[in-house]
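Peer 1: Any chance you can model this:
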Amino acid sequence: MLYTLKESANKSSMGSKEVYSNVEEETEEQFTTNGDMDNEDTGAEEKMKFNNCDSDNRCGTDDSSHCSSNNYSNKVMNEEHLKLSESMSMSDKDSGMGPFPVSVEAKEKEKGQGEGFIQEEKSACKGGVSGMDRVDRVDGVDGMNKVNGVNTVNGVNTVDGVDKDAGTEKEPYGSKKNVRIELLKMCDALKNVGNKHFKENNYVLSEKYYSAAIDIVTKCYDDSNPNNIEYLSKLNIEILPFEVMVEKEDIPLLNEFYMNSAVTKKKDFISIKETDLYIYYTNRSICHMKLESYGLSMHDINEAININPFYAKAYYRKGCFFLLLSDFKNASDCFQKVLKLTKDKNSEIKLKQCRKLLFEQQFQKAIELEQKTPYYKTLILDNLKIQNVEAPIYDRNNLNIDFLKKVVDYISVPNQKLNKKCVCAIVLDVIKLLKELPTLVYLNLQEEETLTICGDIHGQFYDLLNIMKINGYPSENNSYLFNGDFVDRGSFSVEVIIFLYLAKLTFPNNVHLTRGNHETDNMNKLYGFLGELQDKYDEKMHVLFSDSFKFLPLAYVLNKSIFICHGGIPSKADTTLQDIEQIYRNREPLDSGIMTDLLWSDPNEDKGFKPSKRGIGFSFGTDITENFLKKNNLSLIIRSHEVRDEGYSIEQNGLLYTVFSAPNYCDIMKNKGAFLKFKGNSSKPECVTFTEVKHPNVPSLKYAHNLYQNI
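Peer 2: Below you'll find the model as predicted:
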């Protein structure tokens, strides 16, 4: 549950002194496997070693032309990442709470002690500084009390910034330097909490904390208020603590990090380049990368490089970005840039991998130019033998629900698999079926017939079986449409695709399959399906499945009014259903075009088209959806492609549904799964949600390419 620090007042005790261990202590090996985040501003070039590489990303080239999302402004990006609440009232300002709310008991316990927060009621402290490192602020706020008209700080009489007892001059109260230091201490604490969640694979939450730090720093150095100390002081009080949305359980940890922040008065922080902003951007970029928001990731990387062009880790992350897009040439350039700045074994390894993959990629293209006959046409089943007679034997002439369930019972047992010959026969028969289908399929339900639409499955076989348990197996009156992304990430993608293909063969008119962006070669090579097939069968099996993916339909129209695709509607102006029907789909998707948009695009609540957060496809607004529906005499769009906390969402004024059917996605997201049910000619679906079930102890992404795993 999310809390503002204000809402959490008196709900959190500071009695606990547990501190999450600094990511700085991580070894190089831990970084490469866990993707730890930056914890310190290395500053000088000689400090840019990666041995303690924390939460930021390492990536390359100064050329920002590689990604259209570089045009995003800081303002837009920060608004997307953090919604600030309304300014607090004056009564809040005088409440006397510390930087983070603590319980009354904790206040009493710490009052008068030499450490902890400033607890005196008259101090009206909003920034919460420890007793050993208290920084003075504006108008007697935060650490300065007036006693009989005399300013006091920690019991020391002061007048005009001079310590009367020690005779030493102090920093003026409310100076820009002091205000900024308090803000930067908060940012440092937010970053460290973000690092903690990143190490726990909670990329959504870690991204939120990095975004909060970015927002605070950029407001600190807002060019529209270059020398406005009053503005900064107001910002100080408002943002510390009430506008940062914090998980309740994170409040004690955030307090601890704040009080022990490495940010000190040693720097003047005159320029934004002296802050850790470039680290926060680099940290956030790896979160976006992990969440497949490649466009947002590239934006953050380029922001980091613009602030600190000598920051080697940012170039490393940029190289990783290009790796994930299979752009091995640009990735190589980035890792070369890293090695010019510093010595780094990881970059040396990845540079060698890139060069090898680039050679293989070019070699494969040369083969494809010569080899015009697809693999499925050359495969001879009679050359394959049945190795395991105990496994169910596929017979196309005896397909029924009993055989489907028999196969499910068999392959759901860990380490049990169908014979390769049977799997090949299933795929070949599916190809025959799919080849007969158009790119855009029209479906019409009878009055008593139901159609259940499932979103992304992503190799979560046991959650797919749970859908069958909840909603029933396919039948003549219980049809299914699986809306793409059957494979990758989850480690049971082979079982998922065998079930779906066998269900399609058993009920060809009642099981429908849409192609998703993960039914493509580039995604399979990185995110696990290729690796899983190599482990359970062999690499040639992926070539066969790849052939079958190319024949999957790209979209459906239900009851002449509901448009269904995996990603989103095309960016081409005034696209018609006839345009979609004419797409040549028997290929890998291009970098752009109608086919790519159908697989990759996402909706937004604004207007018009925008660059996609993914770096491929587009983000389309409500007006685009309205125009597409009106142009094609449709009423609703159903798509998948994005995780939703509840498993589904209703968007764009009810004109669009997103459905996602992989609960607790990748074993870390804690989201629900959902499916949508239509009956007869109904125009709106019934939304059914469910939670994850246990699966064998095989982690998600076990079979992902080591290039991905070590990012």
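Peer 1: Walk me through the domains of this structure.
Peer 2: The chain resolves into domains spanning 2-84+177-270, 401-709 when parsed by automatic domain parsing.
Peer 1: looking only at pLDDT, what's the mean for the shortest one?
Peer 2: Here the mean pLDDT over domain 2-84+177-270 is 61, rounded to a whole number.
Peer 1: Can you list the residue ranges for helices in the stretch 351-500 of the chain?
Peer 2: Along the stretch 351-500 of the chain, counting by DSSP state H, counting those that start in this stretch, helices occupy 375-378, 401-411, 420-435, 461-471, 493-506.
Peer 1: sorry, back to before: show me the one of the domains of the chain that comes nearest S347.
Peer 2: Ranking these by distance to S347, with CB to CB as the measure, places domain 2-84+177-270 first at 7.4 Å. C-beta: built from backbone N, CA, C; applies to glycine.
Peer 1: just how off-centre is the top strand by length along the chain within its chain?
Peer 2: The strand that spans the most residues within the chain, counting by DSSP state E, is strand 673-679. Remark: strand 673-679 is offset 25 Å from the chain centroid, using CA atoms, centre = their mean, to the nearest Å.
Peer 1: Same check on stretch 533-540?
Peer 2: Offset of stretch 533-540 from its chain centre (CA atoms, centre = their mean): 29 Å.
Peer 1: Could you check it and say which residues are buried?
Peer 2: Residues 533, 536-537 are the ones in stretch 533-540 that count as buried (16 or more other CB atoms under 10 Å).
Peer 1: that older thread, Throw the domains of the chain into TSV and include distance to F363, thanks.
Peer 2: Shown next, in TSV, are the domains of the chain (distance: least, CB to CB, whole Å):
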stretch	distance to F363
domain 2-84+177-270	24
domain 401-709	15
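Peer 1: Next, format the buried residues of stretch 533-540 as JSON lines and append distance to K432.
Peer 2: Converted to JSON lines, the buried residues of stretch 533-540 look like this (distance: CB to CB, whole Å):
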{"residue": "L533", "distance to K432": "21"}
{"residue": "K536", "distance to K432": "24"}
{"residue": "Y537", "distance to K432": "21"}
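Peer 1: Closest to L379 out of those?
Peer 2: Of all those, Y537 has the smallest distance to L379: 13.1 Å, by CB to CB.
Peer 1: Which residues are in contact with that closest one?
Peer 2: Y537 makes contact with 417, 420, 423, 494, according to CB atoms under 8 Å, 6 or more residues apart in numbering.
Peer 1: quick revisit: who are the packing partners of the longest strand of the chain?
Peer 2: Counting contacts by 3 or more CB pairs under 8 Å, 6 or more residues apart in numbering; DSSP states H and E, strand 673-679 packs against strand 450-454, helix 461-471, strand 656-659, strand 686-690.
Peer 1: So for N383, which of those sits nearest?
Peer 2: Set against N383 and scored by CB to CB, those come closest in helix 461-471, at 29.1 Å.
Peer 1: Show me which residues of that closest one are buried.
Peer 2: Using 16+ other CB under 10 Å as the test for burial, helix 461-471 gives 461-468, 471.
Peer 1: Please tell me how far the spatially most central residue of the chain sits from N681.
Peer 2: In the chain, the residue lying closest to the centroid (CA atoms, centre = their mean) is L291, at 2.2 Å. From L291 over to N681 the distance is 38 Å, taken as CB to CB, to the nearest Å.
Peer 1: swap in Q387?
Peer 2: According to CB to CB, Q387 and N681 sit 49 Å apart.
Peer 1: and these two? which has more neighbours close in?
Peer 2: N681 (13 against 9; other CB atoms under 10 Å).
Peer 1: show me where pLDDT drops low in the stretch 401-550 of the chain?
Peer 2: Low-confidence segments of the stretch 401-550 of the chain (pLDDT under 70): none present.
Peer 1: repeat that with 90
Peer 2: For the stretch 401-550 of the chain, the stretches with pLDDT under 90 are 522, 526.
Peer 1: ok, back up a step: in CSV: the contacts of Y537, plus distance to S479 and neighbour count.
Peer 2: Output for the contacts of Y537, formatted as CSV (distance: CB to CB, whole Å; neighbours: other CB atoms under 10 Å):
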residue, distance to S479, neighbour count
K417, 28, 17
K420, 30, 18
V423, 25, 24
V494, 25, 24
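Peer 1: mind exporting stretch 643-653 as PDB, just the C-alpha atoms?
Peer 2: The C-alpha trace of stretch 643-653 is given here as PDB (Å, rounded to 0.1, in the frame of the first residue of the first chain):
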ATOM      1  CA  VAL A 643       0.900  -5.800 -17.200                       C
ATOM      2  CA  ARG A 644      -2.100  -4.600 -15.300                       C
ATOM      3  CA  ASP A 645      -2.300  -4.800 -11.500                       C
ATOM      4  CA  GLU A 646      -5.800  -6.300 -11.600                       C
ATOM      5  CA  GLY A 647      -5.100  -8.300 -14.700                       C
ATOM      6  CA  TYR A 648      -7.100  -6.000 -16.900                       C
ATOM      7  CA  SER A 649      -8.000  -2.300 -17.200                       C
ATOM      8  CA  ILE A 650     -10.700  -0.300 -19.000                       C
ATOM      9  CA  GLU A 651      -9.100   2.700 -20.700                       C
ATOM     10  CA  GLN A 652      -9.800   5.600 -23.100                       C
ATOM     11  CA  ASN A 653     -13.300   6.400 -21.900                       C
END
